[in-house]
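Asks: I need the structure of the sequence given here:
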Amino acid sequence: VQLVESGGGSVQAGGSLRLSCTASGNTYSTACMGWFRQAPGKVREGVAYIYTIGGSTYYAVSVKGRFTISTDNTNTVFLQMHSLKPEDTAMYYCAAGWRGGTWDRPSSFAEWGQGTQVTVS
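Replies: The predicted model follows:
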């Protein structure tokens, strides 16, 4: 599966952005999808997860109530981000190809997009 993220950009604190991740190719592995982020000098961390068939979602504590993960069931997953903070600044990655484990670990996913930069000032 190929994953392409879009929607990143620069915003002021308190602003909003919506990220998109479109999957193509062998999309059988997109039942479970996640959004991760990685700031310079920090480890990649799980932000949100969705089970696209059942609709279950999970969020990191740091973004719960501000971010929403969703899907339009056409191989696109979104991350709506509100009330953005400077600490949300990072490269955001879409992930698919569930390997098992816990949703917020990068090792739980086999497929990754190239990332989209989010900068909050």
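
Asks: which residues of the protein fall in helices?
Replies: Using DSSP state H, no helices are found in the chain.

Asks: shaky segments in it?
Replies: For the chain, residues meeting the criterion pLDDT under 70 lie at 27-28.

Asks: now with 80?
Replies: For the chain, the stretches with pLDDT under 80 are 26-30, 73-74.

Asks: tell me the centre residue of this protein?
Replies: In the chain, the C-alpha closest to the average C-alpha coordinate belongs to residue 35, at a distance of 1.8 Å (C-alpha atoms, centre = their mean).

Asks: hey, where'd the strands end up in this protein?
Replies: With strands called from DSSP state E, the chain shows them at 2-6, 9-11, 17-24, 32-38, 45-51, 57-59, 67-71, 76-81, 90-98, 109-112, 116-120.

Asks: Tell me which residues of the fifth one come out buried.
Replies: Residues of strand 45-51 classed as buried: 45-50 (neighbour count, 16 or more other C-beta atoms under 10 Å). Every residue, glycine included, has its C-beta placed from N, CA and C.

Asks: One more: the second one?
Replies: Buried residues in strand 9-11, defined by neighbour count with 16+ other C-beta under 10 Å: residue 11.

Asks: Contacts for it next, please.
Replies: Here strand 9-11 makes contact (C-beta atoms under 8 Å, 6 or more residues apart in numbering) with 17, 84, 117-121.

Asks: Could you do the first one as well?
Replies: Applying C-beta under 8 Å, 6+ apart, the contact partners of strand 2-6 are 19-25, 92-96, 111-116.
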